[in-house]
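In: attaching a predicted model along with its sequence, questions to come.
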Amino acid sequence: MGKKSEVSRLRRHKRIRKRVIGSSEKPRMSVHRSLNNISVQIIDDVEGRTLCAVSTMDKDFRAKNKTGGNVKAAELLGEMISKLAQSKGIKKVVFDRSGYLYHGRIKSLADSARKAGLDF
């Protein structure tokens, strides 16, 4: 992935963030994807706080799965964030794909989070 594609992604991310705002009732679920890892945060933008976060670099995740940069890892991460959010009383979120295409790892993460009970 070259520098031009990252600049384009950040431009798309700015455009998305104009509309996607997380509140305490419906926080924002933000995804960051790199070549080897994925991280997900649930953020309340009004207070400016991260309510919960999960990453493929966490010890809990590494115990279940060795690699963090594939579709299987994204599905597992979606289930983990959904369970963590529900334990904190969060049922509805706004999905922020951070300028990444809704395809592959991002799509599988979102689908597995929905299947695990998170509503967006």
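Out: Looks like it came in fine.
In: where does residue 43 fall, phi/psi-wise?
Out: Phi and psi for residue 43, reported as degrees, to the nearest 10, are phi -120, psi 140.
In: quick one: contacts for it?
Out: Shown in contact with residue 43 (C-beta atoms under 8 Å, 6 or more residues apart in numbering): 22, 27-30, 49-51. Yep, even glycine has a C-beta here, placed from its N, CA and C like the rest.
In: whichever of the residues you listed end up buried, select them in PyMOL.
Out: In PyMOL syntax, the buried subset of the contacts of residue 43 is picked out as below (16 or more other C-beta atoms under 10 Å):
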select buried, resi 22+27+28+29+30+51
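In: in the host helix or strand of residue 73, what's buried?
Out: Using DSSP states H and E, residue 73 maps to helix 71-87. Across helix 71-87, burial judged by 16+ other C-beta under 10 Å covers 73-82, 84-85.
In: same for that helix, what does it pack against?
Out: If you count contacts as 3 or more C-beta pairs under 8 Å, 6 or more residues apart in numbering; DSSP states H and E, helix 71-87 packs onto strand 38-44, strand 49-55, helix 59-64, helix 105-115.
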